[in-house]
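Asks: I need the structure of the sequence given here:
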Amino acid sequence: MMHGGPSGFHNAPVTRALVISSAIITVTYGLRGRSRSIGLSYQDITQNHGLWKTVPSIFAFSSSPELIIGLYLIYYFRVFERQIGSNKYSVFVLFSLVASTFFQIAGLGLLKDSQVLASGPYGLIFAAFVPFYFDIPVTSRFRMLGLNFSNKSAIYFAGFQLVLSAWRRSFIPAICGLLTGFLFRANIFCIRKLKFPKKLTSLFSWLFLSSPSSSPSSANIRRNAYISSMDHRVQRNYRSVGNFMPEPPESSITTLVSMGFETNAARQALIQARNDINVATNILLEAQSR
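Replies: Numbers count the residues shown, from 1 in each chain. Prediction:
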């Protein structure tokens, strides 16, 4: 079963803030009996006072099944925050939410559909499916009931369930999220190179309750120390088995490097994992979380 690396929200303060805020806002509107009315509609964009619903519509799901599946996917996609760092992941989150909401408003204006769209961070979730498709490798395949599946199938199935949970109301938000994800991957306006200023990052760290020990400098020191110790362990294992450790294929190293890991660290992790790229990914993620 696939997972996003080490359990919990360690080294994923942005994800933790998203999960908590989305859950609180959803429950708050649910207790008031207004969960079905917070989604955007064509009437909202034609009336100035209707746009106040934009903020709750971004974070609050309209039903319990959507909340459960949506939070599960946000929690799983914390793997990207651990790969690129909380600062760049914050840029991805902000861009995904703002751009997908803009596309939803534009879509309602063009279609002039009277239905209320599904609410919740659909834009962020489905934008994350784009790097999930391109950057997370398939490491195993299996057949069940005559159908082919991979180790990524469970995440795709959860996304499919999320779309179906609100039926037609969720199609536009999901499509807008995917479009946003492709734009981010295409690096439009060099968005992937942007970072928040250090002062703003410090404020976010305080809001997200991230510990001082998880600062980038100390994290890099611990990660380099862990990789160095891993290198020594690999060398000892290499000698102990009579120099018969398999050499990692370049394709596997390239895959891990494309996910944001250093070349030498990727090679050592593959050697330690005996060229199992899934195990190697978990080793590298564990190194980042230390």
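
Asks: Let me see the ranges of the helices in the stretch 1-150 of the chain.
Replies: Under the criterion DSSP state H, counting those that start in this stretch, helices of the stretch 1-150 of the chain are mapped to 13-31, 42-46, 54-59, 64-76, 78-84, 86-111, 122-135.

Asks: Now tell me which of those the model trusts least on average.
Replies: Note on the helices of the stretch 1-150 of the chain: helix 42-46 shows the lowest mean pLDDT, a mean of 75.

Asks: List the buried residues of that one.
Replies: Within helix 42-46, the residues scored as buried using 16 or more other CB atoms under 10 Å are 42, 44-45. Any C-beta I mention is one placed from the backbone N, CA and C, and that applies to glycine too.

Asks: Kindly report the same for stretch 254-266.
Replies: 255-256, 259-261, 265-266.

Asks: biggest separation within the residues you listed, which pair?
Replies: With CB to CB as the measure, no two of the buried residues of stretch 254-266 lie farther apart than 255 and 265, at 13.3 Å.

Asks: Not including adjacent chain positions, what is the nearest residue to residue 77?
Replies: In space, and not counting its chain neighbours, residue 77 is closest to residue 128: 4.3 Å by CB to CB, 6 or more residues apart in numbering.

Asks: Quick check, central residue of the protein?
Replies: Against the mean C-alpha coordinate of the chain, by CA atoms, centre = their mean, the closest residue is residue 77 at 2.8 Å.

Asks: what sits against it?
Replies: 4, 15, 125, 128, 132 (CB atoms under 8 Å, 6 or more residues apart in numbering).

Asks: who wins for most neighbours among these?
Replies: residue 128 (29 neighbours; other CB atoms under 10 Å).

Asks: Output the below-cut-off pLDDT ranges for the stretch 151-290 of the chain.
Replies: 200-246, 258, 260, 287-290 (pLDDT under 70).

Asks: Show the residue spans covered by the strands in the stretch 101-250 of the chain.
Replies: 141-144, 147-150 (DSSP state E, counting those that start in this stretch).

Asks: Most tightly packed of those strands?
Replies: Stretch with highest mean neighbour count among the strands of the stretch 101-250 of the chain: strand 147-150 (a mean of 12; mean count of other CB atoms under 10 Å).

Asks: can I get the CA coordinates of it in CSV?
Replies: Below are the C-alpha coordinates for strand 147-150, written out as CSV (Å, rounded to 0.1, in the frame of the first residue of the first chain):
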residue,chain,number,x,y,z
LEU,A,147,-8.2,-5.8,-14.4
ASN,A,148,-4.7,-4.4,-14.2
PHE,A,149,-3.8,-2.3,-11.2
SER,A,150,-0.7,-0.6,-9.8
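
Asks: picking that back up, now the helices of the stretch 1-150 of the chain in CSV, with distance to residue 193?
Replies: Shown next, in CSV, are the helices of the stretch 1-150 of the chain (distance: least, CB to CB, whole Å):
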stretch, distance to residue 193
helix 13-31, 18
helix 42-46, 32
helix 54-59, 25
helix 64-76, 24
helix 78-84, 11
helix 86-111, 9
helix 122-135, 16
